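[1] Give me a model of this one.
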Amino acid sequence: MSKSRLLADLETNNKGEVLTTALSKINLDYVVNLKNESIGYLDIPTGTESQAPVNAKDGSIRFNSDDSLLEYFANNKWNFVTTEKRAWWKALDVKTNTNVNVNIYFCGLVNKTVDLDINSVIIKANIVDNKATVQLTPQVTNKPAGTTVNVVVKDGTDIIDNLHFGVIA
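    As a prediction, the model looks like this:
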């Protein structure tokens, strides 16, 4: 039965109004209240990464407010809706002359290896499910406190993004 047919089968009075006794026949899975205007919008669920439902249905969409990206659910995980190659990490401050593991998040790059160029020191980042964990070593963190270090993310010769981290005492 079509979605429109479900609504058409509701009982009405002689004024065309839906009888309240007919409301129990509405399948709410098929009723959507969307206003289709060229200047309008569609309000979709929004939340942080930790608020994302883990048992969503394939095809579900939401806006990830942590990463400012639209996501869709497929194959038991949330995926970014974009073809733009992009990399980012959460705000990052690193103590001078230390080892630190860092998560880098990616979209538009799936299950591959990219290079992080940090002042001509190349670190390989293996992307799995939109994320790579890399270790920043004293070779790149041995900078004076207050220094901002630039990290160029490359896919072959293509520059994907520029990331930065601050060095603290």
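[2] and the residue lying closest to Lys77 once chain neighbours are set aside, how many neighbours?
    In this structure, Lys77 finds its nearest non-sequential neighbour in Asp129, 6.7 Å apart by C-beta to C-beta, 6 or more residues apart in numbering. No exception for glycine: its C-beta is placed from N, CA and C like everyone else's. Residues within reach of Asp129, counting by other C-beta atoms under 10 Å, total 11.
[3] is it true that Asp129 touches Asn76?
    No. Asp129 lies out of contact with Asn76 (C-beta atoms under 8 Å); the separation is 10.8 Å.
[4] Spatially nearest residue to Lys143 (excluding sequence neighbours)?
    Closest to Lys143 by C-beta to C-beta, 6+ apart is Val167, at 4.5 Å.
[5] what are the bridge partners for that neighbour, then?
    Beta bridges link Val167 to Val94, judged by DSSP bridges.
[6] State the distance from it to Glu71.
    Val167 is 33 Å from Glu71, where distance means C-beta to C-beta, to the nearest Å.
[7] Pretty sure Ile44 is one of the things Ile61 touches, is it not?
    Yes. Ile61 is in contact with Ile44 according to C-beta under 8 Å; the separation is 5.8 Å.
[8] When the two are compared, which one has more neighbours?
    Ile61 (14 against 11).
[9] check contacts around the more buried one.
    Contacts for Ile61 were tallied using C-beta atoms under 8 Å, 6 or more residues apart in numbering; they are Ile44, Pro45, Leu70, Glu71, Tyr72, Phe73, Val81.
[10] Tell me the first helix or strand C-terminal of the helix or strand of the chain with the lowest mean pLDDT.
    Across the helices and strands of the chain, mean confidence by mean pLDDT, DSSP states H and E is lowest for helix 3-8: a mean of 46. Using DSSP states H and E, the helix or strand that directly follows helix 3-8 along the chain is strand 46-47.
[11] and the following helix or strand past that next one, what's its mean pLDDT?
    Along the chain past strand 46-47, the next helix or strand (assigned with DSSP H and E) turns out to be strand 61-64. The predicted model gives strand 61-64 an average pLDDT of 91.
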